[in-house]
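>>> Pasting the sequence and the predicted model now:
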Amino acid sequence: MPLATARVATDRPARYIRQLVSHMGHKASTALTPDGRGTITVAAGSCTLTPAPDRLELTATAADAASLTLVQDVITRHLVRFATREELTVEWSAPADGAELELLAPVVGEYLLSHHTPADEVLMELATATREATAGAAEMQVSADEGALLTMLTRLTGARFAVEVGVFTGYSTLCIARGLADGGRLLACDVSEEWTAIGRPYWARAGVADRIDLRIAPALTTLRALDTEPVVDIAFIDADKENYPAYYEEIVPRLRPGGLVVLDNVFLGGRVLDPAYQEGRHLAMRRLNDLIASDERVDAVMLPVRDGVTIARRR
Ligand SMILES: C[S@@+](CC[C@H](N)C(=O)[O-])C[C@H]1O[C@@H](n2cnc3c(N)ncnc32)[C@H](O)[C@@H]1O
């Protein structure tokens, strides 16, 4: 579906959203969530309105380009009309297709894959074993460049205690474990005995098996059982997307100042940008991305690495 976004500078985003939702509710289908987001659906398509500290963010979507223009026009006209005390500038991005958005052109992705410190034999053999044993599921594994990034971030933080949510066959686990300082520990959470068993021999071959404490249980149960002291140096979240916000909320208070939480797949193949996608994982990731950007507990950056990686550092 084509979509377009606009960021409207204003210090009254919540007020405009309420006004628009209330007024347009007479002719359109509208909704307002408890956290202040509005959705307005007209015959031509729909628009979500999200408040941010200094702006109003709009995302319009429709079945085709002509309908998208109609949605953009109706929202822009109403918004400008309601802003009696300031002159709003609503500049829409060029239309894009959420399902076809790619962070990187494939050729660029390939170039990046051949320009990082290469994976060693153990990692390459683990990747091969994963493909052979898990078929299509193997695409869940982090790429070699993302793995190198995890090792580097773990080393940069001098991590002694790391947490991983989503092990699969343990490629990212191995990358994090390798970056730990001497005596460091990695608490690795997953629900699958079968998949994690594939990784164990490779952790042993790499000489890091004794650093990894694998817990087979729902990750939320494992995280909630942790001490609430801020002792985590680095955490990597790469499991079921609906639970990302809950994982984030369990981890951030446990990060030491300067500690990192790294989140994978924050782009959801472009679907996070397209309001046409309304499944639980899309809603959860959209909300979490917005929350992290304005979370005063952390400094955060979203990187175009593979399917999007956010790094948030505890202040
Ligand atoms: C994308 S894969 C992780 C990939 C891994 N980081 C790697 O590089 O190979 C997601 C993993 O999350 C696990 N998972 C799903 N739901 C979970 C839950 N509630 N608690 C813990 N792990 C879960 C799945 O079993 C799966 O192994």
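Sure, I can see it.
>>> Residues contacting stretch 36-47, please?
14, 17-18, 20-21, 24, 27-32, 48-51, 58-63, 67-68, 70-72, 74-75, 275 (CB atoms under 8 Å, 6 or more residues apart in numbering). All C-beta spots, glycine's among them, are computed from the backbone N, C-alpha and C.
>>> May I have the distance across that stretch, first residue to last?
One end of stretch 36-47 to the other measures 14 Å (CA to CA, to the nearest Å).
>>> circling back to that earlier point, can you select the buried ones among the contacts of stretch 36-47 for me in PyMOL?
Selection of buried members from the contacts of stretch 36-47 for PyMOL, criterion 16 or more other CB atoms under 10 Å:
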select buried, resi 14+17+18+20+21+24+28+30+32+48+49+50+51+58+59+60+61+62+67+68+71+72+74+75+275
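>>> restrict the contacts of stretch 36-47 to contacts with the ligand.
By CB under 6 Å from any ligand atom, no member of the contacts of stretch 36-47 lies near the ligand.
>>> Show only the entries of the contacts of stretch 36-47 found in helices.
Cross-referencing the contacts of stretch 36-47 against helices under DSSP state H gives 14, 17-18, 20-21, 24, 67-68, 70-72, 74-75.
>>> what's the most distant pair in these?
Pairwise distances across the ones in helices among the contacts of stretch 36-47 peak at 27.7 Å for Ala14 and Ser67 (criterion: CB to CB).
>>> Would you indicate which residues of the top strand by length along the chain are buried?
Longest strand in the chain, counting residues (DSSP state E): strand 255-264. Along strand 255-264, these residues count as buried under the neighbour rule (16+ other CB under 10 Å): Leu255, Arg256, Gly259, Leu260, Val261, Val262, Leu263, Asp264.
>>> Adjacent strands (with direction) for that strand?
Here strand 255-264 is paired, per DSSP bridges, with strand 232-237 (parallel), strand 309-314 (antiparallel).
>>> near the ligand at all, that strand?
No - if you take CB under 6 Å from any ligand atom as the test, strand 255-264 misses the ligand, and the best it gets is 6.9 Å.
>>> after that strand, next one along is what?
helix 280-293 (DSSP states H and E).
>>> ok and that next one relative to strand 255-264, angle-wise?
140 degrees (axes from the mean of the first three to the mean of the last three CA atoms, to 10 degrees).
>>> Contacts for helix 280-293 next, please.
Taking CB under 8 Å, 6+ apart as the rule, helix 280-293 contacts 35, 50, 52, 240-245, 248, 263, 265-266, 268, 271-272, 298, 300, 302, 310, 312.
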